[in-house]
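Novice: Have a look; sequence and predicted model below, questions after that.
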Amino acid sequence: MSEKADQIFVLLQHWLVSLLPAGWQQPGGVVLAVLVIICLFPALFALAVWMERKGLGRIQNRLGPNRVGPFGLLQPIADGIKSLTKEDIVPRSADAAVHFLAPVVLVVTVFMGFAVLPMGRNMVLADMDAGLLFYFAMGASTELAVFMAGWSSRNKYSLLGAMRAVAQMISYEVVLLLSSVAVVMMSGSLSLTRIVEAQNHYSWGLPHWYIFTPWGCAGFVMYAIAATAETNRSPFDLPEGESELVAGYHTEYSGFKFALFFLGEYLAMFSISGLGTTLFLGGWSAPFSWLGWVPSWIWFFAKLMLSIFVFIWMRGTLPRLRQDQLMNFAWKFVLPMCLLNLLVAGLWRFMGDGWPRWVVCSAILVLAYVGMGWGEMRRKHFGARSYRYAE
Amino acid sequence: MMGHATPLTGFLLVAALLFSIGLAGALTRRNAILVLIGIELMLNAANLNLIAFWRYGPHPEALTGMMFAIFSIAVAAAEAAVGLGLVISIHRHAHTTDLDAMNRMRG
Amino acid sequence: MSVVFYLLAALTVAGGLAAVMLKNTVHCALALTVAFAGLALFFLDLDAQFAGFAQILVYIGAVAILVVFAILLTKGSETPKDGVYSRNWLAGLAIAAGVFAVLGWAVLQSARVLPGPGGTPTATPEVTVKEIGNALMGRYVLPLEIVALLLTAALIGAVIVAMHEKEGAK
Amino acid sequence: MLGEGILKGLAETARNFAGSFVSAERLTTVQYPEQRIAPIEQTRDFPFLVYDGKDWEAGMRCVACQICEKECPPKCIYIVKSTDKKPDALGKMQIYPARFDIDISVCMSCQICVEVCPFEAIKMDTEFELSATDRFGGLLLDRRQLAKSNEYYHRIHPTEAAEVDARLAGEKAKSDAKAKAATAAAAAKAAAAPAKPAAAPSPAATDAAPAASTAPAETDVAPGGNAAGNPTLGPAEGESRA
């Protein structure tokens, strides 16, 4: 029975596709899967918006929206309708074509990132051999959309916000790539389905997820930092710093285009935490061997929602980082740790099974972390601020 | 997907066209950055040729064409970085990116 | 000539032409990314999956942003006062046309002279990333190390060249 | 160790998040239109004019002295003096404002008008649900809308209203005593007048007496008069402000 529940969606797809004439079967299946993704994730986006507003409320000792619908569940729909009916003002001096294209490019590239994520046992839209590289290729083109948005609005604040956002996304994309290269090194393949299968074994009931190895844990922490920065969230949301940059690169957008940016940001959050669960948290594999009967796609979406909650939790807690702190942190702390993590992963691979490799690898990583952390904190003289003025 | 319907010459013609467009851009434009854009286009046209010959060549499993293309992508990226660095530092001193104005070496 | 090929060719050539001819430099850079995307689709069409994704990642992800940053840093986005084309643009155009004529002639000649492999492609090779990895670590390990060295040198060089001189800056 | 602070912060917010489900008193907010938090006594929103007794027009304390109009920083008060006079609380005939407008869309609730008013005529209200459909006319409150009874004032600012009433009652008592003294002096003078033909030789004494009696009356009247009559800037001002 559990096998049928696990493959319920795949069987559904085959049954629907079988209704089509023979020639159209293969493309029909793909179109069906694309339709599912395009409907499912905006629905999850509405759920995430609700979770975020209620979660932040609870963190700040208040209730959060509870007027529209039971427990405020219809609040995202109300927001959606509001943003659809709002007037869409395009500044006269804005560059109309690029101004219109920016949100479209952003949402399209973010949606294409979902094609390679394995959401359940053989439930992946496109099982590419170089799936991870495809994902990062799509991730890289969102920066361009951000720049287009910032530049085309012809507004100093949005240009400043766009420059900050692009600089931040580029430096943390390097970290994102390097922290996932360690996973590729260990699983031996760029295809995400094989990475999940490599993690899908159990010893004494505990899964072989990569997060339970020293290099995997360090890699996951750095991946989480880079993921938060890549989606301009919580401590790294300087580009949309309301206080000083009004709303960063989407200042001059209103109505539906602003809703598209909002959707784009949340979809990026979903896809990057989806990739995080696939690389480090074992994708759709169950946390314990005796829980194997639960359908695989439930695990994927449970982990996804958990990481969304951690995003919200961090947003409710951490103060915003300044631009230079943010860049220094990326280039001077996280990147060296990532390179060291690659060495440690190599060491882990060739030290063979047994407890010594656990001790050695974790010792190197902890020592490096404490050493660099101490070095970083010692030089940090919290004295008066020094200002550098542009000539 | 069964073999390609388009013969090799199609790809070569497109690559040649792209190459000459890049060359035209590099030769006729006044702004230094647009000359670099032209050069990027020429490099990409060469990549397209490499991949086309690899795909239509006798031994595609030898991966030579594709390896060349990947290395050429890496080198082109490095070249673009250094080229733009130069343009920025020239702009800082001469406050112009106009190629016709950069004649201080004429002596 | 399949429809896909024509579509991609049109997209790429249009992107290239726009990148060269537009007046506003930032529009040129965006048109350049369209040309890069067209080329990446060409690579995917030629079953070079790894090269196609690498092209998107390196060119659209990095080089396009680099060009755009350079344009903004050198205040290139304002339309230049004295015309967009250099003085002797006609000569440049003539040279480019000449080059295209020569290349085109050579391509058409070769197609006529060498029938057979030039025409139909061989069976689609199953190129997996593992093979690329083995090739990179096997036959091409030397170029790989040299390119690594080159990239580091270019990284440091570009930073030093474009870095802000502390003392003695005018 | 780097990152320690982040973990402590996350733990704190987690405790807050979990706590909000467990203990209700953590939640500081209420469901506004249905439940309301009683405004604290010092709340102030927009000014209103106090009147004694039942009839708002007769009992209005304001005497259109226009000090508040001059002192108001955003200049949102507009007063037109009346031509006739009406008796005020102390029975003295006073001018009253024929027109007293406050534009609450301009008013910034700074309470300067309350501080400078020598007659305790204008106080700060705690009413904040004043939204209007017409943004200009709807937010320009005229004399009728501004006038509110002393009892209302006692309800919203109990302690302050009590002090004001005490001071006004004190002044009233003083002016009554003075009035009584004045009538007594007038009666004594009238009694002294018929005796004058009988006692012609003692005019010097009566001259001194009236001078004496008028002098103290003068000093008595001055503070009381000033309190009730046209205020002149200067010592009297200082006294009523204190």
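Specialist: Looks like it came in fine.
Novice: And the strands in chain D, which stretches?
Specialist: Under the criterion DSSP state E, chain D carries strands at the ranges D:47-51, D:77-87, D:93-103, D:122-124, D:140-141, D:147-149.
Novice: For the residue in chain C that chain B sits nearest to, which three-state class applies?
Specialist: For chain C and chain B, the shortest gap (Cβ to the nearest Cβ) falls at residue C:92, measuring 2.7 Å. All C-beta atoms are positioned from the backbone trio N, CA, C, and that covers glycine. Classification of residue C:92 using DSSP: H, G, I helix; E, B strand; the rest coil returns helix.
Novice: Among the strands of chain D, which comes closest to chain C?
Specialist: Among the strands of chain D, strand D:93-103 sits nearest to chain C (Cβ to the nearest Cβ), with 47.0 Å.
Novice: Next, the spatially most central residue of chain C: secondary structure please.
Specialist: Centroid-nearest residue in chain C, with Cα atoms, centre = their mean: residue C:36, separated by 6.2 Å. With three-state DSSP as the basis, residue C:36 sits in helix.
Novice: next one: the one 4 residues further on
Specialist: Using three-state DSSP as the criterion, the local structure at residue C:40 reads helix.
Novice: Tell me how far the residue lying closest to residue C:92 once chain neighbours are set aside lies from residue C:99.
Specialist: Distances taken as Cβ to Cβ, 6 or more residues apart in numbering or on different chains place residue B:27 nearest to residue C:92, at 2.7 Å, with adjacent residues excluded. From residue B:27 over to residue C:99 the distance is 10 Å, taken as Cβ to Cβ, to the nearest Å.
Novice: Helices of chain D, start to end?
Specialist: According to DSSP state H, chain D carries its helices in the segments D:4-22, D:56-59, D:67-71, D:112-116, D:143-146, D:150-156, D:158-198, D:203-228, D:235-241.
Novice: re the thing from before, can you tell me which residues contact the residue of chain C closest to chain B?
Specialist: Applying Cβ atoms under 8 Å, 6 or more residues apart in numbering or on different chains to residue C:92 gives the contacts B:23, B:24, B:26, B:27, B:28, C:86.
Novice: Same question for residue D:126.
Specialist: D:39, D:43, D:44, D:45, D:156, D:157 are the contacts of residue D:126 under Cβ under 8 Å, 6+ apart.
Novice: Take the strands of chain D and write them to TSV, including mean neighbour count, mean pLDDT and distance to residue C:3.
Specialist: Formatted as TSV, the strands of chain D follow (neighbours: other Cβ atoms under 10 Å in any protein chain shown; pLDDT from 0 to 100; distance: least, Cβ to Cβ, whole Å):
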stretch	mean neighbour count	mean pLDDT	distance to residue C:3
strand D:47-51	23	93	78
strand D:77-87	14	91	78
strand D:93-103	18	91	71
strand D:122-124	22	93	78
strand D:140-141	19	92	71
strand D:147-149	18	92	81
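Novice: and of those strands, who's closest to residue A:325?
Specialist: Closest to residue A:325 of the strands of chain D is strand D:122-124 (Cβ to Cβ; 45.6 Å).
Novice: Show me the contact partners of the closest one.
Specialist: D:44-50, D:62, D:68, D:109, D:111, D:113-114, D:153, D:157, D:160.
Novice: out of those, which are buried?
Specialist: Applying 16 or more other Cβ atoms under 10 Å in any protein chain shown to these, the neighbour count classes D:44-50, D:62, D:68, D:113-114, D:153, D:157, D:160 as buried.
Novice: that older thread, out of the contacts of residue C:92, which is nearest to residue B:103?
Specialist: residue C:86 (12.2 Å).
Novice: Hmm, residue B:30 and the closest one touching each other?
Specialist: Yes - Residue C:86 is within contact range of residue B:30, at 4.5 Å (criterion: Cβ atoms under 8 Å).
Novice: Excluding residues flanking it in the chain, which one is nearest residue C:150?
Specialist: residue B:78 (5.7 Å).
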